[in-house]
Each structure stands twice: as structure tokens, then as C-alpha cells.
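Asker: Predicted model and sequence follow; I will ask about them next.
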Amino acid sequence: MQTVHHTMGVVVRKSFGVLICALLASCGGSDTRTLTEKYELQAQAEAWENHMPMGLLPGQEPPCTALIVRFSVTTDQALPAEMSAKSVSLSKGAAPQWTAEASPSETGRTSANTIEGVARGCKTEAFSEGDTLEVSVLINAGHEQSEVKTSVRLYAAS
């Protein structure tokens, strides 16, 4: 009789162990989704080179031709209060060829679910007017960062 009782104890312990493993697996463990995935973030952008004429004083060097990116990041849900846009990168291919910080004075919340902003810097010879570029907006919330991507056609304002 002890043998049967001992065997039942082993079966119960094994069943309990399997039940605990199944319960822990159903909890999902840690959340490894990116901010983009958690909040279903979507980006829109436009990019242009500023070729507008400007007046210069005699002997004054002209500044670089500005490359300007206006962007918005939206979702259908409320964003965390600490979420912000940090920078914008442009690429034509695998690696970014242009990166600029989001302008603090021109970037921020426009609603509970939208961040809009501007990034600007000097143009790069890697891009030409009419190119289709991939835009990556770097979003930060707490200790997490994520990129929200879209594509744009580069144009020139003159």
C-alpha cells in the first residue's frame, strides 16, 4: 500500500509542476514589445531642402543648405506623459545617411495621442531631389527607446 501511495505522490507532484509551468507561460513573462508596438505608433513626415535665396553681407559665408523634416507620430490611445521625440534619421538603403535632433522649440505634444516636430541640419550629397527616403523618428519614454518609420519623397523649396 505504501508503494501505491508513494507513486501517487510522485504523480501529483509532477502534475503540479506541469500546472505551474503552464500557468507561468500563460502570464507571458516580461513584455518585450517596443514602444512602437505597445502603442501602435505611426509616423508621417515630409522632407525638403531649403534652396530659398538669402541676403548675405559682403564677406559673409553662406550657411549650409538646410535639410528640414517635419514629422508627426500618432496613435489611437493616450501616450505616456514622458514620451517624446528625440531625433530623426533619413536613409536611402540600409544605414542612415543623415541624423538630426528634434528641435526642442518646435517639437512636442499637440494632443494626448500625437507628437509633432521638426528636425533640421545641413543637406547631404547622399540624397537628390525626388529620392524616396526612409524616415526613422526616435521616440523615448522613460528608459525605453523605439523607432517609428515611414517613407517620404525628398523635394526642394526654392
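Answerer: All right, it came through fine.
Asker: for this protein, what spans make up the strands?
Answerer: Secondary structure of the chain (DSSP state E): strands at 42-50, 66-74, 84-91, 96-101, 108-111, 114-122, 132-141, 144-157.
Asker: closest to Thr34 out of these?
Answerer: The stretch from these with the least distance to Thr34 (CB to CB) is strand 144-157; that distance is 4.1 Å. Just so you know, the C-beta spots here come from the backbone N, C-alpha and C atoms, and that holds for glycine as well.
Asker: where does this protein dip in pLDDT?
Answerer: For the chain, applying pLDDT under 70 flags the ranges 1-31, 56.
Asker: cutoff 90 now
Answerer: Applying pLDDT under 90 to the chain flags residues 1-35, 50-65, 93-95, 142, 157-158.
Asker: Next one: Arg33 from Tyr39, what distance?
Answerer: 9 Å (CB to CB, to the nearest Å).
Asker: typo on my end, Glu125
Answerer: 36 Å.
Asker: again, but for Arg153
Answerer: 27 Å.
Asker: out of Glu125 and Tyr39, which sits in the busier spot?
Answerer: Tyr39 (23 against 6; other CB atoms under 10 Å).
Asker: you'd agree the more buried one is up against Leu79?
Answerer: Yes: between Tyr39 and Leu79 there is a contact at 6.4 Å, judged by CB atoms under 8 Å.
Asker: Show residues contacting stretch 76-86.
Answerer: 35, 39-40, 71, 73, 101-102, 107-109, 112-115, 117, 137-142, 145 (CB atoms under 8 Å, 6 or more residues apart in numbering).
Asker: what's the span of it, first residue to last?
Answerer: 21 Å (CA to CA, to the nearest Å).
Asker: List the buried residues in that stretch.
Answerer: For stretch 76-86, a neighbour-count test (16 or more other CB atoms under 10 Å) marks Leu79, Met83, Ser84, Ala85 as buried.
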